[in-house]
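Novice: Mind looking at a prediction? Sequence and model below.
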Amino acid sequence: MIEACDAPTEILVASSKSTTEVVQVVIAGAHHVTLPLPLMLEMGNHPLSDQAIEEFGRAGRAGTNSRPA
């Protein structure tokens, strides 16, 4: 349908119920998703995210200790 219309079109997905659904619709080509806040917060919960935040914090603390006065 979108290709037949030959008009600039973007796909917006709403009412996703899980992080899995959000990932699936993005992989399928959705350009935008609307999410309730709890689901948006859940999207950021991942062990690698936690690790990256910890590493970033350590690097920041190390950088403040080594700055010239």
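Specialist: Arrived safely, thanks for sending. All of these numbers come straight from a predicted model, not from anything done at the bench.

Novice: Off-centre distance for the longest helix anywhere in the chain?
Specialist: With secondary structure taken from DSSP state H, the chain has its longest helix at helix 47-65. Relative to its chain's centre, helix 47-65 lies at 19 Å (C-alpha atoms, centre = their mean, to the nearest Å).

Novice: same deal with stretch 40-59?
Specialist: Relative to its parent chain, stretch 40-59 has a centroid offset of 12 Å by C-alpha atoms, centre = their mean.

Novice: what does stretch 2-12 give?
Specialist: Averaging C-alpha positions (C-alpha atoms, centre = their mean) puts stretch 2-12 24 Å from its chain's average.

Novice: got the end-to-end distance for stretch 37-50?
Specialist: Terminal residues of stretch 37-50 lie 19 Å apart, using C-alpha to C-alpha, to the nearest Å.

Novice: tell me the mean pLDDT for that stretch?
Specialist: Averaged across stretch 37-50, the pLDDT comes to 87.

Novice: Please renumber the chain so that the first residue is 186 from this point on.
Specialist: With 186 as the first residue, the last one maps to stretch 222-235.

Novice: Which residues does it contact?
Specialist: 201-204, 207, 220 (C-beta atoms under 8 Å, 6 or more residues apart in numbering). Every C-beta, even on glycine, is put in place using the N, C-alpha and C of the backbone.
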